[in-house]
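Peer 1: structure of the sequence below:
(2 chains)
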Amino acid sequence: NAGVTQTPKFQVLKTGQSMTLQCAQDMNHNSMYWYRQDPGMGLRLIYYSASEGTTDKGEVPNGYNVSRLNKREFSLRLESAAPSQTSVYFCASSGVRGETQYFGPGTRLLVL
Amino acid sequence: SQQGEEDPQALSIQEGENATMNCSYKTSINNLQWYRQNSGRGLVHLILIRSNEREKHSGRLRVTLDTSKKSSSLLITASRAADTASYFCATVPFSGGYNKLIFGAGTRLAVHP
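Peer 2: Below you'll find the model as predicted:
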């Protein structure tokens, strides 16, 4: 099992450009999450999907949209990137709500 | 706002010593989890302790939870250089459908050979 995979690993964008971060899990988990991690800080929840077909806002949703494409895949879209969105983005999944989350390796995003 | 706050922010010890990290949180929780993050990598789950539990062990890890003080501690015994990493506590609030993990800012642990 690959666990949670994320693409791309690294991306540089110019202000105003758009991009989609991809996440997939092969553990048959119901719940999936997107976090961002800024230097010296813990992870902050952007959006989550408790089950296929549902998505909800987390702590810092502004400037982002998500799509739960199917049970395996959960994508994060930046419509118009801003320098404040420079961060490391982590996708995670869990089989049971509120229980252990399994994280991907992260995507480092730099917005110039 | 972040729920958990770890203390200390950074810890430097020698191999073989014990490392203790503390976490405080603000609201009632369903459970509290500890994660480890090696530099440049994703987070790895270490241990979960439920609100009705007071202590839990896993190998060289010992976690305690005091719900009256809204605090938890992670003890790593006989530390090794490979334990060098950042350690985060994360809480699942009692409200909100258990869908959210709220992370603290982490403790950076350096274990020197």
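
Peer 1: I'd say B:Arg36 and B:Thr84 touch.
Peer 2: No: with contacts counted by CB atoms under 8 Å, B:Arg36 stays clear of B:Thr84, the gap being 10.0 Å. In short, each C-beta sits where N, CA and C put it, glycine included.

Peer 1: more neighbours: which of these two?
Peer 2: Remark: of B:Arg36 and B:Thr84, B:Arg36 carries more neighbours, 20 against 17, as counted by other CB atoms under 10 Å in any protein chain shown.

Peer 1: partner residues bridging that one?
Peer 2: Beta bridges link B:Arg36 to B:Val44, B:Tyr87, judged by DSSP bridges.

Peer 1: what do you get for B:Ala10?
Peer 2: Note on B:Ala10: beta-bridge partners B:Arg108, judged by DSSP bridges.

Peer 1: distance of it relative to B:Met21?
Peer 2: According to CB to CB, to the nearest Å, B:Ala10 stands 10 Å off from B:Met21.

Peer 1: overlap in contacts of those two?
Peer 2: Common contact partners of B:Ala10 and B:Met21 (CB atoms under 8 Å, 6 or more residues apart in numbering or on different chains): B:Thr107, B:Leu109.

Peer 1: which of those two has more neighbours?
Peer 2: Set B:Ala10 next to B:Met21 and count neighbours by other CB under 10 Å: B:Met21 wins out with 24 against 10.

Peer 1: doesn't the more buried one fall inside a helix?
Peer 2: No: counting by DSSP: H, G, I helix; E, B strand; the rest coil, B:Met21 falls outside a helix, being strand.

Peer 1: and chain A, which of its residues are near chain B?
Peer 2: Counting by CB under 8 Å from any CB of the partner chain, chain A comes close to chain B at A:4, A:31, A:33, A:35, A:40-45, A:48, A:50, A:56, A:58-59, A:90, A:92, A:97-106.

Peer 1: just those: which are in strands?
Peer 2: A:4, A:31, A:33, A:35, A:43-45, A:48, A:56, A:90, A:92, A:102-103 (DSSP state E).

Peer 1: quick one on the thing from earlier: now, of the residues of chain A next to chain B, which are buried?
Peer 2: For the residues of chain A next to chain B, a burial check counting by 16 or more other CB atoms under 10 Å in any protein chain shown picks out A:4, A:31, A:33, A:35, A:42-45, A:48, A:50, A:58-59, A:90, A:92, A:97-106.

Peer 1: show me the contacts for B:Arg60.
Peer 2: If a contact means CB under 8 Å, 6+ apart, then B:Arg60 has B:Ile76, B:Thr77, B:Ala78, B:Ser79 as its contacts.

Peer 1: make JSON lines from those and add pLDDT to it.
Peer 2: Shown next, in JSON lines, are the contacts of B:Arg60 (pLDDT from 0 to 100):
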{"residue": "B:Ile76", "pLDDT": "98"}
{"residue": "B:Thr77", "pLDDT": "98"}
{"residue": "B:Ala78", "pLDDT": "97"}
{"residue": "B:Ser79", "pLDDT": "97"}
